[in-house]
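J.: Give me the fold of what follows.
(one chain, ligands or ions: 1)
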Amino acid sequence: MNPPQSLTPISGTILNVYASRKANGKSPLGDLSIYTTNDGSISLYNTNYCENFHSSTGALSEAKEKFLSPAEIERFTAERTINILDVCFGMGYNIAQLVEALNKNLIAFNWWGLEIDPRPLRISLENPKFNSIWSSEVQKMLFSIQKDGRYTNNKSQGVVLWGDARQTLAQIPIAVSFDLILHDAFSPSKCPMLWTEEFLSRLTRKLIPGGRLITYSSAAAVRSSLRRNGMKVGSIIPSERNAQKWSNGTIAISPLGTSKGIAQNKNWKDLSPMEEDHLLTRAAVPYRDPSGNSSNYDILKQREKEQRNSFLEKTINWGRRWERRGRT
Ligand SMILES: C[S@@+](CC[C@H](N)C(=O)[O-])C[C@H]1O[C@@H](n2cnc3c(N)ncnc32)[C@H](O)[C@@H]1O
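T.: Numbering: from 1, shown residues only. I've put the predicted structure just below:
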């Protein structure tokens, strides 16, 4: 998800450029370039955000390591249908991976997908390499979502709500709560509107007790907002091949309403002293959007102002401190 130096992705080959131009020659959603990541799976780069959809390591491996593993679907049984919210489902990797695992374990699901741009899924499904990853049932689901905006089989179903996730979230019935929320927006510094304290609050309020919000982001602002929203916040443990990284993202677990703690496990752990220290710096100043319709630009400007006036420590000092001690 790191921004590349130029239009050429960090690694891999640009295969094609997809543009969605308006009459004035500018696309409101940006142009998309398709390229191959290091694990052989395809991904996209968006020119509006100047950001890749996935890290150079691999789109498929990212979906597995940052979303599927911390979801721990082995917790669920076939007796209960689980509810999933997929914020920014884009090319469909996260939900496809998850549904492969759920189907294998005979777990039924209701899925809601929030996405503003229909092109990423269309581009995925036009690509034979992408299709060859998935079982015929998951391919059927993805094609149905793309064509009809919904999917149903004898026990599971899914629906897409196209548009700005801040607005479409409100279309989900109040009575629906989620076992899992996958949050995969562009990074907080590029798309802050989907990482504000207010939006994260609306998402976390839709979790069942013990439900999980999972994201690749380990930003201090996001973690602090999740904590202030009453979540137990953990750090997703990087896989062995990414062992040099200090985190693979964040898991936020809704309190169970009992005094019993929520045990950590092989996929995530409590924040390290370095990560806790990060939350005491200006990096932890939240993104704010009280009106629910501020632009990315306005949210960033407002936060910069708040950071300048903040009594919190400068984040650069935190970086120096932990670089010296080794990032453990
Ligand atoms: C990092 S990509 C998602 C990758 C995706 N999960 C996948 O596996 O391919 C971010 C996505 O956020 C979408 N997006 C950007 N702004 C949005 C908004 N305000 N509401 C909903 N989706 C948005 C983009 O169209 C893009 O598909």
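J.: need the contact list for the nearest residue to Glu72 once chain neighbours are set aside.
T.: Using CB to CB, 6 or more residues apart in numbering and skipping the chain neighbours, the partner closest in space to Glu72 is Asn267 (6.4 Å). Heads up, the C-betas are built off the backbone N, CA and C, glycines and all. Asn267 makes contacts with 69-70, 72, 236-237, 251, as judged by CB atoms under 8 Å, 6 or more residues apart in numbering.
J.: Could you tell me which of these belong to helices?
T.: 69-70 (DSSP state H).
J.: which of the contacts of Asn267 has the most neighbours?
T.: Using other CB atoms under 10 Å as the neighbour criterion, Ile251 leads the contacts of Asn267 with 25 neighbours.
J.: how about that residue, what does it touch?
T.: Ile251 neighbours (CB under 8 Å, 6+ apart): 70, 212-214, 233-236, 267-268.
J.: now do 7 Å
T.: Ile251 makes contact with 70, 212, 214, 234, 236, 268 under the criterion CB atoms under 7 Å, 6 or more residues apart in numbering.
J.: go on, Ile95?
T.: Counted by CB under 7 Å, 6+ apart, Ile95 has contacts 86, 89, 111, 113.
J.: go with 6 Å
T.: Counting by CB atoms under 6 Å, 6 or more residues apart in numbering, Ile95 makes contact with 86, 89.
J.: Work out for me the element it sits within.
T.: Using DSSP states H and E, Ile95 sits in helix 93-104.
J.: In stretch 229-236, which of the residues would be classed as buried?
T.: By 16 or more other CB atoms under 10 Å, the buried positions in stretch 229-236 come out as 229, 231-236.
J.: quick one: which of those is nearest the ligand?
T.: Comparing these against the ligand with CB to the nearest ligand atom places Ile236 closest, at 15.4 Å.
J.: hmm, back to that, I'd like the list of the contacts of Ile251 that fall within strands, please.
T.: 212, 214, 234, 236, 268 (DSSP state E).
J.: near the ligand, which residues of this protein?
T.: Listed as neighbours of the ligand in the chain under the rule CB under 6 Å from any ligand atom: 53, 63, 88-91, 93-94, 114-117, 120, 164-165, 184-186, 191, 193-194.
J.: In strands, which of those fall?
T.: Using DSSP E, the residues of the chain next to the ligand in strands are 114-115.
J.: re earlier: and the residue nearest to Glu72, how far from Phe67?
T.: Counting by CB to CB, to the nearest Å, the separation of Asn267 from Phe67 is 11 Å.
J.: give me every residue that touches Gly249.
T.: Residues near Gly249 by CB under 6 Å, 6+ apart: 66, 215-216, 218, 236.
J.: got it, and Trp318?
T.: Contacts of Trp318 (CB under 6 Å, 6+ apart): 277-278, 281.
J.: and with 10 Å instead?
T.: 220, 274, 277-284, 312 (CB atoms under 10 Å, 6 or more residues apart in numbering).
J.: How about Gly163?
T.: Here Gly163 is in contact with 114-116, 169, 171 (CB under 10 Å, 6+ apart).
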